[in-house]
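Asks: Sequence first, predicted coordinates after that:
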Amino acid sequence: MKRHESGFTLIELMITVAIIGILSAIAIPLYQGNVMKAQVNRVVGELSSYKSAYETQLSSSGAVTNSELGYSVSSLTTGNSLTSISVVNTDGSGHLQVTMGGSAHPNLAGVIVRFERSSAGSWQCVIDPSAASGWKDEFSPGSCSVI
């Protein structure tokens, strides 16, 4: 009577490892792209939250500082509490702006996220990725224009 050995052959193991390698080669770049898009969206959302405080300060005193905005430094930006994120012009226009860095993905370091306010009071999101080495337009939220 013959005994049959049970287990995997070397070829079966090599094919399994090759399949896992191919899946990893596809999945890792997709995952990192989603991480970068999520980080840009987070910075846009955080900066957007200061628009109402900006409007309130502009209508009451005209001066807009970080403390009056309630600015809290994000781990995804390069700023600190002493670096002003707001600019107010004499005609009522201005902007809120941060630069990505810190713990953001290295390919996003240097991306400038800005909310521009017209003198009429309308806001527009603008992203300047010129200083970012690995920027792709797919990272931009649909509500922002890339310059």
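Replies: That came through fine. Numbers count the residues shown, from 1 in each chain.
Asks: going forward, measure contacts and count neighbours with C-alpha atoms only.
Replies: OK.
Asks: what separates Ile22 from Phe115, distance-wise?
Replies: 41 Å (C-alpha to C-alpha, to the nearest Å).
Asks: So those two - more neighbours on which side?
Replies: Phe115 (23 against 10; other C-alpha atoms under 10 Å).
Asks: what secondary structure does the more buried one sit in?
Replies: Classification of Phe115 by DSSP: H, G, I helix; E, B strand; the rest coil places it in strand.
Asks: just the helices in this protein please.
Replies: For the chain, applying DSSP state H gives helices covering 10-48, 51-60, 66-69.
Asks: packing partners for the last one?
Replies: Yep, that's helix 66-69 we're talking about. helix 51-60 (3 or more C-alpha pairs under 8 Å, 6 or more residues apart in numbering; DSSP states H and E).
Asks: pLDDT (mean, whole number) over the helix it packs on?
Replies: Averaged across helix 51-60, pLDDT comes to 91.
Asks: how far does that helix sit from the chain's center?
Replies: Relative to the centre of its chain, helix 51-60 is centred 24 Å away, using C-alpha atoms, centre = their mean, to the nearest Å.
Asks: who touches that helix?
Replies: With C-alpha atoms under 8 Å, 6 or more residues apart in numbering as the test, helix 51-60 has contacts from 63-64, 68-70, 92, 96.
Asks: ok, of the residues you listed, which one's closest to Val44?
Replies: Nearest to Val44, judged by C-alpha to C-alpha, of these is Leu96 at 10.6 Å.
Asks: Spatially nearest residue to the closest one (excluding sequence neighbours)?
Replies: Nearest residue to Leu96 in three dimensions, chain neighbours excluded: Ser86, at 4.5 Å (C-alpha to C-alpha, 6 or more residues apart in numbering).
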